[in-house]
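1. got a predicted structure here, sequence first:
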Amino acid sequence: SKTVPEERLRTAFAAGITQMGENKVQEAQRKSENLADLGISWSVIGHLQTNKAKNVAAFADEFQALDSLRLAEALDRRLQAAGRGLDVYVQVNSSGEPSKFGLEPADVAGFLAALPVYSSLRVRGLMTLAANTSDEARVRECFSIMRRLRDAALEAGTVGDGLLSMGMSGDFEAAIEGGSTCVRVGQAIFGARATPDSHYWPETPQTA
């Protein structure tokens, strides 16, 4: 629902869309406050700096881009103070692209094993952005990597429900075939955005 005006979101809610996702914390918080009468479940999807953890802890129902223990600690501290819990997905850089945030696949098992100490975080599953390419085989391999990581984490008991958030408007069909349980399809629903993707998905990861 990023960039979509609030009046359109009210129409979408009336049509049955009850879960909406945003990348920018300020935009998400504003919409959550202005549409509070609807009872929308808000998901924050995108890199989060630790100094914004307090904002997410205040309103979000779900955070889909957890990729550092420093951020986990910041979120947990704020959530504990607010008496809230938060569903989280761990973000994985399944494509290996330097422009993407997320853990390296080899680091996922250890990271998941370290999360139980942050008791206000409810680990629901894993999230990824597939390779930005027209090569369908490469995209599908990203999804296959995620499924293997999820299955291993389920066996270890470290990934909650074992959900997989993967697939956007351009590749959601391949993602569903690959086992995705959550697709992020705002443009397929609301139409193309005027704002370029680079505004929401930074080209170069920066240390929080």
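-> Perfect, I can see it now.
2. what residues are up against the residue most central in space within the chain?
-> The residue lying closest to the centre of the chain (C-alpha atoms, centre = their mean) is residue 64, at 2.3 Å. Applying C-beta atoms under 8 Å, 6 or more residues apart in numbering, we find residue 64 in contact with 21, 43-45, 88-89, 91, 127, 165. Where you see a C-beta, it was placed from the backbone N, CA and C, and this is true even at glycine.
3. same question for residue 152.
-> With contacts defined as C-beta under 8 Å, 6+ apart, the neighbours of residue 152 are residue 109.
4. show me where this structure has helices.
-> 6-14, 25-34, 53-59, 69-82, 108-114, 136-156, 172-177, 186-190 (DSSP state H).
5. identify whichever of those helices lies nearest to residue 95.
-> In this view, the helices of the chain are compared for proximity to residue 95 by C-beta to C-beta, and helix 136-156 is the closest at 5.2 Å.
6. list the buried ones in the closest one?
-> Of all the residues in helix 136-156, those buried under the rule 16 or more other C-beta atoms under 10 Å are 139-143, 145-147, 149-150, 153.
7. just put the residues you listed in a markdown table and tack on distance to residue 33.
-> Output for the buried residues of helix 136-156, formatted as a markdown table (distance: C-beta to C-beta, whole Å):
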| residue | distance to residue 33 |
| --- | --- |
| 139 | 37 |
| 140 | 40 |
| 141 | 41 |
| 142 | 35 |
| 143 | 35 |
| 145 | 38 |
| 146 | 33 |
| 147 | 37 |
| 149 | 36 |
| 150 | 34 |
| 153 | 35 |
